[in-house]
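In: Make a model of this:
(one chain, ligands or ions: 5)
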Amino acid sequence: MANSPFNEHMRSLRAVVEAALAEELAKVVWPGSLKTAVEYSLMAGGKRLRPVLVLMANEVCGGKQADAIPAACAVEMIHTYSLIHDDLPAMDDDDFRRGRPTSHRVFGEALAILAGDCLLTLAFETITSPITNSGGEFSRQIAEQVRLLAAAAGGSGMVGGQVLDLEAERGTFLTSDKVRSQRPDEEKSGYRAGNSAVQEEAILKGGGHDPKDSTASISRSSENTSNPMAESCVVELSQIHKMKTGALIAGALELGAATTAVDQDSRSRLRDFGHRIGLAFQITDDLLDVTGDETRLGKKPGRDADLGKLTYPGLLGIANSRNKAEQLVQEACAAVATFGDRGKWLKELARFILERDH
Ligand code: IPE
Ligand code: IPE
Ligand code: MG
Ligand code: MG
Ligand code: MG
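Out: Ligands and ions are numbered 1, 2, ... in the order given. Sure, this is the predicted structure:
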């Protein structure tokens with residue numbers, strides 16, 4: 001397994017990403033402390049899943065890898081900023097990340113916040129860097145990439161999802177506070193998909209988030225179900241996960257496609273694949289928080305329970321959460337079946353998400 005063709009391919013794509021990120025950092029002229037803090041988090045050896053997805057989507061669409069490298073770096077910069085901020089005392093208050101003490105533990109909160117801000121702006125500097133000396137059509141393509149990246153990272157994507165995640169933890173988002181006391185025992189109750197399955201599908205297919213719509217759909221889902229609160233919560237939870245994690249993952253795939261001249265149908269298939277593996281990825285993240293090993297994870301497990309987060313295993317139990325992730329990965333693979341053999345790396349990556357231990 002260690003030397004499988006897929007692992008070799010992943011290694012080579014990660015190496016491309018590592019080199020490109022190091023090159024971007026080598027160019028910056030910033031106060032020394034800021035550069036040290038950004039480098040500390042960015043070059044700490046994450047899995048590089050999102051930039052690899054940009055490169056794989058570019059590859060499956062028949063693009064040139066060099067055209068996708070700025071977008072790949074930009075996505076990883078935004079992801080790393082989201083991790084630095086996610087770990088702050090005002091958010092998840094975590095001490096370890098990527099196998100090291102978190103940014104605010106080493107550099108203090110002010111510099112950690114600013115390192116995150118700086119990575120966010122560096123992402124846009126990086127993705128627009130090829131515009132220099134380029135013609136009109138090329139600039140239009142880059143402008144579209146900027147729009148995709150901003151949408152995935154912003155209020156209807158990652159940042160919005162982080163807000164809902166915190167509101168669910170603090171009992172101010174919809175039904176979470178009531179549900180927490182009623183979470184089903186997986187062995188006894190099991191999870192039965194009712195209306196929530198339909199609503200989750202709509203969430204996976206849907207665009208931006210409207211909290212009013214979500215509230216309405218949750219109250220509708222409470223009808224005709226054996227466990228209405230659990231049903232409601234699954235909808236709420238998939239909305240949170242879709243936004244806080246799925247948006248950037250789906251965005252990475254669409255960005256990769258946008259670096260090529262591929263047709264709209266292929267693009268929407270890649271986006272659909274991304275939403276499904278994005279949700280599966282956060283479900284496995286929630287599972288690893290229960291079952292994972294600190295050294296492999298590079299972060300401390302058990303934090304979700306400590307903080308009272310709304311999570312898939314917390315709501316549905318471990319076995320049902322695994323089944324849900326498995327089902328999403330199967331659906332994701334079906335979405336890219338039309339790519340034939342060219343889609344094989346994407347399908348293997350989807351399986352990696354399911355089987356990962358870190
Ligand atoms: C962690 O992301 C945060 C989530 C969205 C679950 P990763 O598990 O991709 O973290 P790194 O990049 O490998 O450190
Ligand atoms: C974080 O989700 C999602 C983002 C950073 C946007 P989590 O809070 O579950 O991620 P970890 O477990 O700290 O990596
Ligand atoms: Mg969090
Ligand atoms: Mg966290
Ligand atoms: Mg987590």
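In: Now the element after the helix or strand of the chain with the lowest mean pLDDT, going C-ward?
Out: Between all helices and strands in the chain, the lowest mean by mean pLDDT, DSSP states H and E belongs to helix 211-221, at a mean of 32. As assigned by DSSP states H and E, the chain's next helix or strand after helix 211-221 is helix 228-241.
In: pull the CA atoms of the next helix or strand after that next one into PDB?
Out: Using DSSP H and E, the helix or strand that follows helix 228-241 towards the C-terminus is helix 247-258. Extracted in PDB, the C-alpha atoms of helix 247-258 (Å, rounded to 0.1, in the frame of the first residue of the first chain):
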ATOM      1  CA  ALA A 247     -17.200  24.700   0.600                       C
ATOM      2  CA  LEU A 248     -13.400  24.900   0.400                       C
ATOM      3  CA  ILE A 249     -13.000  21.300  -0.700                       C
ATOM      4  CA  ALA A 250     -15.700  21.700  -3.400                       C
ATOM      5  CA  GLY A 251     -14.200  25.100  -4.300                       C
ATOM      6  CA  ALA A 252     -10.800  23.500  -4.700                       C
ATOM      7  CA  LEU A 253     -12.200  21.100  -7.300                       C
ATOM      8  CA  GLU A 254     -14.100  23.800  -9.200                       C
ATOM      9  CA  LEU A 255     -11.000  26.000  -9.100                       C
ATOM     10  CA  GLY A 256      -8.900  23.300 -10.600                       C
ATOM     11  CA  ALA A 257     -11.500  22.900 -13.400                       C
ATOM     12  CA  ALA A 258     -11.600  26.700 -13.900                       C
END
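In: Please identify the buried residues of helix 247-258?
Out: Across helix 247-258, burial judged by 16 or more other Cβ atoms under 10 Å covers 247-258. In this view, the C-beta of every residue, glycine as well, is placed from N, C-alpha and C.
In: Which single residue in the stretch 1-150 of the chain comes nearest to ligand 4?
Out: Asp92 (3.6 Å; Cβ to the ion).
In: What's the local residue count around the closest residue to that residue other than its chain neighbours?
Out: Nearest residue to Asp92 in three dimensions, chain neighbours excluded: Asp86, at 5.5 Å (Cβ to Cβ, 6 or more residues apart in numbering). When neighbours are counted by other Cβ atoms under 10 Å, Asp86 registers 19.
In: residues touching Asp86, list them.
Out: 92, 94, 162 (Cβ atoms under 8 Å, 6 or more residues apart in numbering).
In: In a helix, the first one, correct?
Out: What that stands for is Asp92. No: the assignment for Asp92, made by DSSP: H, G, I helix; E, B strand; the rest coil, is coil rather than a helix.
In: residues near Leu310, how many?
Out: Neighbour number of Leu310 under other Cβ under 10 Å is 27.
In: Same question for Asp272.
Out: 19.
In: So for it, what's the nearest residue that isn't a sequence neighbour?
Out: Spatially, and ignoring its direct neighbours in sequence, Asp272 is nearest to Ala335 (4.5 Å; Cβ to Cβ, 6+ apart).
In: which helices and strands sit right next to the biggest helix by length in the chain?
Out: Criterion DSSP state H: the longest helix present in the chain is helix 264-291. If you count contacts as 3 or more Cβ pairs under 8 Å, 6 or more residues apart in numbering; DSSP states H and E, helix 264-291 packs onto helix 49-60, helix 195-205, helix 228-241, helix 247-258, helix 303-307, helix 312-316, helix 318-335, helix 344-355.
In: Just give me how far the first one sits from the chain centre.
Out: Translated: helix 49-60. Offset of helix 49-60 from its chain centre (Cα atoms, centre = their mean, to the nearest Å): 14 Å.
In: which other helices and strands contact that helix?
Out: helix 5-27, helix 65-86, helix 247-258, helix 264-291, helix 344-355.
In: and with 7 Å instead?
Out: Helix 49-60 sits against helix 5-27, helix 65-86, helix 247-258, helix 344-355, with contacts defined as 3 or more Cβ pairs under 7 Å, 6 or more residues apart in numbering; DSSP states H and E.
In: Of these, flag the one that's most buried.
Out: Highest mean neighbour count of the helices and strands packed on helix 49-60: helix 247-258, a mean of 28 (counted as mean count of other Cβ atoms under 10 Å).
In: Now do that helix: everything it contacts.
Out: If you take Cβ atoms under 7 Å, 6 or more residues apart in numbering as the criterion, helix 247-258 is touched by 50, 53-58, 61, 68, 71, 75, 78-79, 141, 144-145, 148-149, 152-153, 157-158, 161, 266-267, 270-271, 273-275, 277-278, 281.
In: Tell me the buried residues within the residues you listed.
Out: Counted by 16+ other Cβ under 10 Å, these give 50, 53-58, 61, 68, 71, 75, 78-79, 141, 145, 148-149, 152-153, 157-158, 161, 266-267, 270-271, 273-275, 277-278, 281 as buried.
In: How many residues are close by the residue of the stretch 1-150 of the chain closest to ligand 4?
Out: Neighbour count for Asp92, taken as other Cβ under 10 Å: 22.
In: Now for it: which residues touch it?
Out: Taking Cβ under 7 Å, 6+ apart as the criterion, Asp92 is in contact with 86, 303, 307.
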